[in-house]
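> take this sequence and fold it.
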Amino acid sequence: MKASHLTPNCFVRGCARRFNRGTLYYDGTCGFCVGGVRFFGPLLESMAVGAEAFNHGAIEPEMKLRWKDGKVRGGADAAFFLARRVWWLAPLGWLEWVPGCLGIARILYRAIAERRHCRGPAGACRI
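Okay, the predicted model is just below:
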């Protein structure tokens with residue numbers, strides 16, 4: 001099955017044997033989050049990383065990545081970690097080690113995550 005035909009939950013449920021490096025957990029009630037998983041799905045698949053919605057996604061403050069070693073990373077830390085595992089995104093992942101960048105990335109991630117349920121012109125909120 002081609003990655004473009006996979007739904008986010010299929011990454012884990014339908015194809016579990018192929019995804020053995022880790023699992024990315026996200027808010028399945030958030031259109032922004034689901035869209036991100038669909039957009040990055042082929043990249044996650046190429047990295048052997050599955051994606052699955054949280055059981056209670058709306059109350060989770062950030063995405064979580066459980067890697068094969070059992071370590072859990074969240075939010076900006078997870079994004080930097082994943083970026084370093086893709087050759088053309090690795091320089092972005094290295095920014096985590098530049099003094100101040102991780103702190104700024106965490107603040108930006110938190111600001112976006114707190115407002116992820118804002119929708120459309122009537123429900124739009126400022127980031």
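> packing partners for the helix ranked longest in the chain?
For the chain, the longest helix by residue count, based on DSSP state H, is helix 31-46. Packing partners of helix 31-46 (3 or more C-beta pairs under 8 Å, 6 or more residues apart in numbering; DSSP states H and E): helix 10-13, strand 22-26, strand 49-53. For every residue, glycine as well, the C-beta is placed using N, CA and C.
> now do the first one, average pLDDT.
The predicted model gives helix 10-13 an average pLDDT of 43.
> repeat that for the last one.
Taken as a whole, strand 49-53 has a mean pLDDT of 94.
> same check on the second one?
For strand 22-26, the mean per-residue pLDDT is 95.
> chain center to that strand, what's the gap?
7 Å (C-alpha atoms, centre = their mean, to the nearest Å).
> worst-scoring helix or strand of the chain, pLDDT-wise?
Scoring the helices and strands of the chain by mean pLDDT, DSSP states H and E places helix 10-13 at the bottom, with a mean of 43.
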